[in-house]
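K.L.:
just need the structure, nothing else, for what follows:
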Amino acid sequence: MVSDDGTSNSSDLGADVDEKVGGLARIVGDIFSTDSAMAESSKPNANFKPTGMFLGSRRDNAKPIDIPPQVLARHAAMLGSTGSGKTVMAKALIEEAAIAKIPSLIIDPQGDLARLALGIDEKDLTAQGGDVSRARKLLDMCEVRIWTPLRSKGLPLCIDPFRAPPADLDPEEAITAWDMVAAGFTSLAGYDVEKAQGKVIKPFLYEILVEGTKLGVDVGDFRSLAKVVREPHHEFIRQLYPQCFVEEDEDGKMDVPTWEEVMIEYGLTDFEERLPKTTRNDLARRLSAFSSGVNQLLFSNGVPIDIDSFVEPAIPGKIPLNIVYLNTIQDEAQKQYFVQELSRELYDWMLTQQPAEGELKLLFFMDEVAPYLPPHPRNPPAKDLIKLIFKQARKYGVACVLATQNVSDVDYKILAQANTTFIGRFTQPQDVEKVRHLLKESGGDQDLVAQLPTLGPGQFQMVAPDVDPAPVPIQCRWLYTDHGAPLNEDQVEELIGEEIRAWAKTRSAGKSKNRGAGAAKAASRGSSWNKSDVKDELGLVEAARIKSIGGMTAAAHGVVDDSAFEVRLMGGLAVLKDGRDPLYTMQATANTASVIALAWTLVALMLAWRDRDLDWWWILAGAGISAVTGLVIALEGLLSHDTELLRKLTKFARTFQLFLVAWLWTLVLWSEFGELNLRGAQPVLEIVVVWVSVFAIIEFVNRFRLGKIHWNGSSALDKIVGFSTVLTGAQITEMKSNSSQIMSGLRLGLHCFTFVWLSTLLMLSEGVLPDTTSIASSWGRPTLWLASLYGLIVISELWLRMRGRMPSEY
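P.N.:
Down below sits the predicted model:
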């Protein structure tokens, strides 16, 4: 300051400086005290034990935020600008889903989420008030796989664009699925499906793929498809009338039918009229280019996308976290196509799942979705598929979570489908207005928009009507995994263990493809309002798909999936009335007979105990086994609505089945070689023993063949290599067994045994075998007839099996 006489007053100047410095110190102190309070608010109470998904604490009262996993069934969105902590919030959500035993499929464009494979320093976690025991539990439970398309640094992942939709779809689902396949090839060939040329090419490819697959025309690789696209009429006629190309008439000319005749006979369209020859040649040239060069890496290098592979652990008991590391794809068009095909596989997989009742089977997370879900009118290849997944995923138990830092660059209609939204800091006016519009569309509280520019890192407003009708101010908890700069390819390579690599090799490319005739026939039939009129020529699907839980309950309605056959102890008694699958009906009959045999033998044991012919503990054992059997029957009826509890009951019942078989065999041998009087139950008991033993053997053999038996000790690599050796190098992870296949093997075994038995009877009756009792000669001729019929069946089936031409429905 300057005094009236013009001299400076140093004491006043010093006081002014001290005042300013003190004010600045107070401001800095307030900032640090606020950060400290926020950090403290994110630390849970020492006595707090999460029961659901622990995401952090409320900023207003420091109470922990612990939400049930089922909240994600209606989808979620992570919104926040750069530096808002959006990725940290996303990782916390994925970690909690893993702890809740929900597998994840994560699309990671930058490499940020790949750090989920790295554990955090426990000292740092303790310093932040984190739960070290939960962090250890997460690392013990998780099996993090980092998939790297086009590269082998991580687990190489490729696309099988010729993989047809599942066979067991109704016509409308099949049409939608095949339309996605055609859209994929159209986009891959460089045509925009939203523009005029793309709108003509996509339906052309749809017809070629559907009708070609249905009629057996080779459209299973790029060269073959290009050949059919170039000359569709010629290739279809060559497939349908092969004799016309090897036989000549008297004039030396082939009698080839006209396309008009073929169209009438097979209900086909005029392919060449739908697309001019020049356009067909150009399309064929583009498609054939993908059969060579670097493009092959996208389609043959690594493991074909398979959602079943993503949800099944390589190491028993682990929860798979699948991170698709997109940084290895440099070409933006290829990246778009890859996300499209990944979405298509997810959609097809969902359609094969039984509807979920509160159960979450998969968490599908997409980071930085703006390039794939831009606002109208832009429509990249994956957009329609992701929209479809969002609409239908809930009923199949798939939780979808999207994350973006550019709200204005994402279609708000898709974001509005997320029932739970985590909104972080936004400072750009256009983003703030977009959030306001989003909240208005969803009926949320728009007042929170004013707070968005003031939020700090890790601070969010959680809009979740299923949790709280009002917005919840949340401070994200400290992560249980490492957080830092995105991983590069070399770092990813170091994180993949040998066990996981060995498992991935068992699922590598080069396997036989699903030619999809069933799905093609369903699509070719077209949609129908009256589903009772729809029949599947291959017998693979019913006229109407019945939505029910899996296993015996589904079998009661004729629905059997491709999962491994599992013996159910009792359950499925309703199958005897409503069942349409012969294997499950046979099993239900055996289970019913087991109940009768147990009750009968228990009475016999009680009478023997009364007569002092056996000790009391035999009665206790018989009563205990009968009581457990009755309890299982009752619980299966009462819990038919609860998929998770029914699955646990099935696991117990499958183990108890062994005790039941052992008990029944004990009774049979005791009555045969001992002095036990079964009071006339001997014939019934012997039949039941044979039946339940056959099903127990079927279950054991089938589980062994599918690689479902696990031993204690050794590594997963040893198990994989061991099974590969036992199965002569077969890819055990692709082996599927449904009831029709098991029924076929059982029938063939019975045919062989009966043929040998009847042949033996014939030799006995004719005295061919020495020292045998003669059988009445009147049995000879009918036995010969019967043996000849069985011989015909056995020889024909064996011949077809040896040549690999046994129809799939047998």
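
K.L.:
where does the stretch 651-800 of the chain dip in pLDDT?
P.N.:
Along the stretch 651-800 of the chain, the model assigns pLDDT under 70 to residues 651, 654, 699-747, 750, 758, 761-800.

K.L.:
quick one: contacts for residue 120?
P.N.:
Residue 120 is in contact with 130, 135, 479-483, counting by C-beta atoms under 8 Å, 6 or more residues apart in numbering. Placement of C-beta: from N, CA and C, glycine included.

K.L.:
dump those into CSV; add neighbour count, pLDDT and distance to residue 121 as well.
P.N.:
Below are the contacts of residue 120 laid out as CSV (neighbours: other C-beta atoms under 10 Å; pLDDT from 0 to 100; distance: C-beta to C-beta, whole Å):
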residue, neighbour count, pLDDT, distance to residue 121
130, 20, 89, 11
135, 21, 94, 10
479, 23, 95, 11
480, 26, 95, 11
481, 22, 94, 11
482, 15, 92, 8
483, 16, 90, 12
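
K.L.:
save those residues as TSV, and put in distance to residue 100 and secondary structure too.
P.N.:
Below are those laid out as TSV (distance: C-beta to C-beta, whole Å; DSSP: H, G, I helix; E, B strand; the rest coil):
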residue	distance to residue 100	secondary structure
130	18	coil
135	15	helix
479	16	coil
480	13	coil
481	16	strand
482	21	coil
483	21	coil
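
K.L.:
with the residues you listed in mind, which one is nearest to residue 157?
P.N.:
residue 481 (21.8 Å; C-beta to C-beta).

K.L.:
one step back: out of the contacts of residue 120, which is nearest to residue 313?
P.N.:
residue 481 (18.4 Å).

K.L.:
need the contact list for the closest one.
P.N.:
91, 95, 115-120, 138-139.

K.L.:
where's it relative to residue 89, distance?
P.N.:
Per C-beta to C-beta, to the nearest Å, residue 481 is found 13 Å from residue 89.

K.L.:
for the stretch 251-400 of the chain, which segments count as strands?
P.N.:
All strands of the stretch 251-400 of the chain, identified by DSSP state E, counting those that start in this stretch, fall at 303-304, 319-325, 362-367, 398-404.

K.L.:
and the first one, average pLDDT?
P.N.:
Within the predicted structure, the mean pLDDT of strand 303-304 is 91.

K.L.:
what's next to that strand, contact-wise?
P.N.:
Outside strand 303-304, the residues touching it (C-beta under 8 Å, 6+ apart) are 147, 155-160, 163, 309, 504, 507-509, 511.

K.L.:
span of stretch 161-176 from start to end?
P.N.:
Distance across stretch 161-176, first residue to last, is 16 Å (C-alpha to C-alpha, to the nearest Å).

K.L.:
also stretch 359-368?
P.N.:
First residue to last in stretch 359-368 (C-alpha to C-alpha) measures 27 Å.

K.L.:
residue 69: which of the strands of the stretch 251-400 of the chain is closest?
P.N.:
Per C-beta to C-beta, nearest to residue 69 of those: strand 398-404, 8.0 Å.

K.L.:
what pairs with the closest one, parallel or antiparallel?
P.N.:
Strand 398-404 has its sheet partners listed here by DSSP bridges as strand 76-79 (parallel), strand 362-367 (parallel).

K.L.:
right, and residue 363 touches residue 72 too?
P.N.:
Yes: under the criterion of C-beta atoms under 8 Å, residue 363 makes contact with residue 72 at 6.8 Å.

K.L.:
common neighbours of those two, please.
P.N.:
With C-beta under 8 Å, 6+ apart as the test, residue 363 and residue 72 both reach 97, 399, 401.

K.L.:
and the first one, that's in a strand?
P.N.:
It refers to residue 97. No: if the criterion is DSSP: H, G, I helix; E, B strand; the rest coil, then residue 97 is helix and not within a strand.

K.L.:
quick one: contacts for it?
P.N.:
Taking C-beta under 8 Å, 6+ apart, we find residue 97 in contact with 53, 69, 72, 104, 360, 363, 399.

K.L.:
between which two of those is the distance greatest?
P.N.:
53 and 104 (13.0 Å).
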